[in-house]
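Student: sequence first, then the predicted structure:
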Amino acid sequence: MSVATIQWIGGPVLRARMQQPFHVQEAIHVGPDKLLGEVIQLRGDVFTAQVYERTSGLKPGDRIEGTGRALSVGLGPHLLGQIFDGLLRPLGDEDELFVRAGMTAQGAETRRYAFEPTVAAGDEVEPGQSIGRAGEEAHAVECLVPAGAGGRVAEVAETGEYGLEDVVCRIEPGRGADGNGGDGVEIRLSQHWPVRRPRPVAQRLPVGAPLITGQRILDTLFPIARGGRGMLPGGFGTGKTILQEALAKWCDADVIVYVGCGERGNEMAEVLDELPKLEDPRTGRPLMERTVIIANTSNMPVAAREASIYTGITVAEYFRDQGRHVALMADSTSRWAEALREVSGRLGELPAESGYPAYLSSRLADFYERAARVKTLGGEEGSVTIIGAVSPPASDFSEPVTMHTKRYVRCFWALDRERAQARFYPAVHPLHSYSEDAVELARWWKSQGDPDWDRKRQRVLVLLEEQQSLERMARIIGKDALPPVHQVTLLNAELVNDGFLRQSSFSETDRYCSPARQQAMLDLLLKFITLAEQALAAGASPADIAAVPSLARLRRLGEEVGEDELEKIDELRRQVEAEFHELEGGDGEGNDEGTGDGS
């Protein structure tokens, strides 16, 4: 065991003189309470470390002990359904949201978990293969052979209950094994993994299916692939947290990892109160059964905030390696970047843009590049999708965290303050957002029976862009002074906004929208738009088109048609066609060939 002595301390940063060698990123125990820390810089016989707990009471001369291993967290059956701090230490019950000084995650975990082996003594196992299942049925996880540890099973525990540190399998050195001094490899219910090191995979896979969020503006206009990277920038009050909670509940991921990184205490308290009460729409059971919450509020130690997103992505990769699709919600990476800036200032490093350290960009890349759709070591498909919220000051998207994050994500969902103030939710601005995954995902939508998905998507975006330019003109000369074709364009754009893009997370009917319902709704609205354009060409006035009786129902289409009522779409379509037929004097045939409305 390496030992050092504190020489200087300032906030979460200290310098210590080594009596034995330490290494960078080594976890350390500081002072009489054995506070957890990490070595971040070596210079001669002095190292600099950051401490992940409050350093009140520490003084020069206090003893530091090295652990000999990198900062790691324990991964196992105790994760699902629980709430942890930024270093994966349990936060206790709802009345205790802080850990005791020096507490370790495994030391706080005394429960025993059911274990059922899936291999027998003498079996040959490969890295990433499961040797048994542990935990309750709702929280069960696979116990996997570590990377580089294949060989012959020498001994496996019987079915029963075991602690996290109990050995449940021993593997003799064999093909692909690390040898481990000739004693083989011991597999426990939990495994430790350094949070800053990505977990290995057999292969990274290209874009396949989208992560279905149930939010129409995201799935239809700006979809994100499973294993993709998205960001959600928005100023205060634009609905970032509410939207991330909606994504956590309704997206089609198998496991949700929610990281509250440096958020205000009252917001985090709402999340801790509401998420455990949510019902899983898949099973009808509590959503927490497939959720891990990592809570690190703004008044918690700043260095632990810096580590929290690495802890979150490590937990996500653990479930990915079991063949599960994981969605990680990080709220927000701006607070994480502020923690980097504070620690960097304590270290005396030269600041870059807005005082952030020069390595801000590379740290963001380290985080976002761990998102992927992969073939695991065990041969299954798994994925980690990262959706990171960003809180730019005064909604300034040119600030460093937003600009650097844009370099590493493929989906940019810009939340707009004006839309939020108008109570238009989700407040994603369709002209400031984009998705680089959309082109590849068009193949998936085609396989779902919608070969014109990308063409219809582009038609909606063009319509919304025309609306923006026409509204600027209307503010100058008045809406009634616009040519009829432009008035109808504005009418159609408002219909798309109200009937399709607006969606309430608090509506029993409209809080989730399946891909099939999204297709049907979009086809119906584009049918109206096509018929409106044809009626105008046939001599109808914009006032006549605005007076079509079905328009009011189409504006509230999300509330009119529920998930199990798609037959109403056909009824509305027939009503729309009949009303326009009457508007045109009964002479038109409603021929919309080549108009791209999907009919």
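Tutor: Perfect, I can see it now.

Student: in the stretch 1-150 of the chain, which spans are strands?
Tutor: 3-10, 13-18, 26-30, 35-43, 46-51, 63-70, 72-75, 83-84, 113-117, 124-125, 130-134, 141-144 (DSSP state E, counting those that start in this stretch).

Student: name the next helix or strand downstream of whichever helix in the chain runs longest, please.
Tutor: Assignment by DSSP state H gives helix 453-477 as the longest helix of the chain. The helix or strand immediately downstream of helix 453-477 is helix 484-496, counting by DSSP states H and E.

Student: show me what counts as buried in that following helix.
Tutor: Buried positions in helix 484-496, judged by neighbour count with 16 or more other C-beta atoms under 10 Å: His486, Gln487, Val488, Thr489, Leu490, Leu491, Asn492, Ala493, Leu495, Val496. All C-beta spots, glycine's among them, are computed from the backbone N, C-alpha and C.

Student: again with stretch 343-351
Tutor: Neighbour count says stretch 343-351 has Val343, Ser344, Arg346 buried, by 16+ other C-beta under 10 Å.

Student: need those in TSV (columns: distance to Ala414, pLDDT and secondary structure).
Tutor: Shown next, in TSV, are those (distance: C-beta to C-beta, whole Å; pLDDT from 0 to 100; DSSP: H, G, I helix; E, B strand; the rest coil):
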residue	distance to Ala414	pLDDT	secondary structure
Val343	29	90	helix
Ser344	28	92	helix
Arg346	33	88	helix
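
Student: okay if I get these as JSON lines plus distance to Arg423?
Tutor: What follows is the buried residues of stretch 343-351, written out as JSON lines (distance: C-beta to C-beta, whole Å):
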{"residue": "Val343", "distance to Arg423": "39"}
{"residue": "Ser344", "distance to Arg423": "40"}
{"residue": "Arg346", "distance to Arg423": "43"}
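
Student: which of the residues you listed sits closest to Gly478?
Tutor: Taking C-beta to C-beta as the measure, Ser344 is the one of those closest to Gly478, at 54.1 Å.

Student: so that closest one touches Arg363, yeah?
Tutor: No: contact criterion C-beta atoms under 8 Å: Ser344 and Arg363 do not qualify, at 10.5 Å.

Student: nearest to Ile40, of the buried residues of stretch 343-351?
Tutor: Val343 (8.2 Å).

Student: kindly check the end-to-end length of stretch 280-287 for me.
Tutor: Separation of the first and last residues of stretch 280-287 by C-alpha to C-alpha, to the nearest Å is 4 Å.

Student: mind listing what's buried in it?
Tutor: Asp280, Pro286, Leu287.

Student: chain center to that stretch, what's the gap?
Tutor: A distance of 19 Å separates the centroid of the chain from that of stretch 280-287, by C-alpha atoms, centre = their mean, to the nearest Å.

Student: again with stretch 65-79
Tutor: 24 Å.

Student: so for it, mean pLDDT?
Tutor: Stretch 65-79 shows a mean pLDDT of 93.

Student: and for stretch 539-552?
Tutor: In this model, stretch 539-552 carries a mean pLDDT of 95.

Student: what's the span of that stretch, first residue to last?
Tutor: Using C-alpha to C-alpha, the distance between the terminal residues of stretch 539-552 is 22 Å.

Student: and the contacts of that stretch?
Tutor: Residues from elsewhere that reach stretch 539-552, judged by C-beta atoms under 8 Å, 6 or more residues apart in numbering: 484, 487-488, 491, 495, 528, 532, 535-536, 572, 575-576, 579-580, 583-584.

Student: now the buried residues of helix 484-496 in TSV, with pLDDT and distance to Glu158?
Tutor: Compiled in TSV, the buried residues of helix 484-496 are given as follows (pLDDT from 0 to 100; distance: C-beta to C-beta, whole Å):
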residue	pLDDT	distance to Glu158
His486	96	77
Gln487	96	77
Val488	96	74
Thr489	96	72
Leu490	96	72
Leu491	97	71
Asn492	97	68
Ala493	97	67
Leu495	97	65
Val496	97	62
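
Student: tabulate those residues (CSV), appending distance to Gly558.
Tutor: Shown next, in CSV, are those (distance: C-beta to C-beta, whole Å):
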residue, distance to Gly558
His486, 27
Gln487, 25
Val488, 23
Thr489, 22
Leu490, 21
Leu491, 19
Asn492, 17
Ala493, 17
Leu495, 12
Val496, 12
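
Student: rewinding a little: which one among the contacts of stretch 539-552 gets closest to Glu560?
Tutor: Leu572 (7.6 Å).

Student: that closest one contacts Arg553, correct?
Tutor: Yes: Leu572 lies in contact with Arg553 (C-beta under 8 Å); the separation is 6.5 Å.

Student: please identify which of those two sits among more neighbours.
Tutor: Leu572 (21 against 16; other C-beta atoms under 10 Å).

Student: helix, strand or coil for that one?
Tutor: Look at Leu572: counting by DSSP: H, G, I helix; E, B strand; the rest coil, its state is helix.

Student: how is this protein partitioned into domains?
Tutor: Domain assignment of the chain by automatic domain parsing yields the ranges 3-71, 107-189, 203-442, 453-583.

Student: count of neighbours near Asp85?
Tutor: Look at Asp85: counted by other C-beta under 10 Å, it has 26 neighbours.

Student: from Ala304, how far off is it?
Tutor: 7 Å (C-beta to C-beta, to the nearest Å).

Student: which neighbours do these two share?
Tutor: Asn296.

Student: might you list the low-confidence residue ranges for the stretch 51-200 of the chain?
Tutor: Applying pLDDT under 70 to the stretch 51-200 of the chain flags residues 92-109, 174-183.

Student: swap the cut-off to 90 and go again
Tutor: 53-54, 56, 81-83, 85-111, 135-140, 147-151, 173-184 (pLDDT under 90).

Student: so which residues of it form helices?
Tutor: 105-108 (DSSP state H, counting those that start in this stretch).

Student: Pro60: neighbouring residues, count only.
Tutor: Count around Pro60 with other C-beta under 10 Å applied: 12.

Student: quick one, phi psi at it?
Tutor: phi -60, psi 140 (degrees, to the nearest 10).

Student: now Gly44
Tutor: phi 60, psi -130.

Student: quick one: pLDDT of it?
Tutor: Here the pLDDT value assigned to Gly44 is 93.

Student: right, and Phe115 touches Glu136 too?
Tutor: No: the criterion here is C-beta under 8 Å, and Phe115 misses it with Glu136 at 11.4 Å.
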